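Engineer: missing the sequence, but the structure's below:
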């Protein structure tokens with residue numbers, strides 16, 4: 001599995017774009033997404049790998065859980081830059097709470113089914129190995 005995030009519109013602190021999950025070099029599903037709006041702004045362009053996905057029950061236990069949830073369902077897929085950067089704690093998660101992120105990719109999920117489907121796809125990809133991510 002590979003993930004790409006393509007910025008489509010950008011301002012000083014954030015980008016709106018499309019996140020695509022790819023399997024065997026073929027796109028299987030896309031989601032509207034946002035990166036930034038707060039903190040140091042949007043996610044830096046480059047290549048990333050992923051860490052271990054945080055499960056919905058781990059997200060629910062966080063004091064700021066709503067920021068990582070859509071329709072009461074949350075997850076967090078950590079992103080590990082493959083280049084030098086001072087940015088830390090980046091990841092992919094539903095864009096919950098106030099719109100925008102501190103630099104993560106926040107997924108603009110439309111339904112609870114979208115949130116669960118995305119989580120299951122990411123969980124399946126991450127179970128096999130780290131997922132390659134490219135931010136364009």
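Structural biologist: Structure's in. What do you need? It should be emphasised that the depicted structure is a prediction, and the values quoted were computed from it without experimental measurement.

Engineer: Spell out for me which residue occupies the centre of the protein.
Structural biologist: For the chain, the residue sitting closest to the mean C-alpha position, by Cα atoms, centre = their mean, is residue 92 at 1.8 Å.

Engineer: so what's residue 47 bridging to?
Structural biologist: Per DSSP bridges, the residues bridged to residue 47 are residue 134.

Engineer: contacting residues around it?
Structural biologist: Going by Cβ atoms under 8 Å, 6 or more residues apart in numbering, residue 47 touches 81-83, 132-135. All C-beta spots, glycine's among them, are computed from the backbone N, C-alpha and C.

Engineer: at 10 Å instead, please
Structural biologist: Each residue near residue 47 by Cβ atoms under 10 Å, 6 or more residues apart in numbering is listed here: 80-83, 132-135.

Engineer: Same question for residue 120.
Structural biologist: residue 75.

Engineer: mind listing what's buried in the helix or strand hosting it?
Structural biologist: If you go by DSSP states H and E, residue 120 is part of helix 112-128. Neighbour counts over helix 112-128 (16 or more other Cβ atoms under 10 Å) mark 114-116, 118-119, 121-122, 125-126 as buried.
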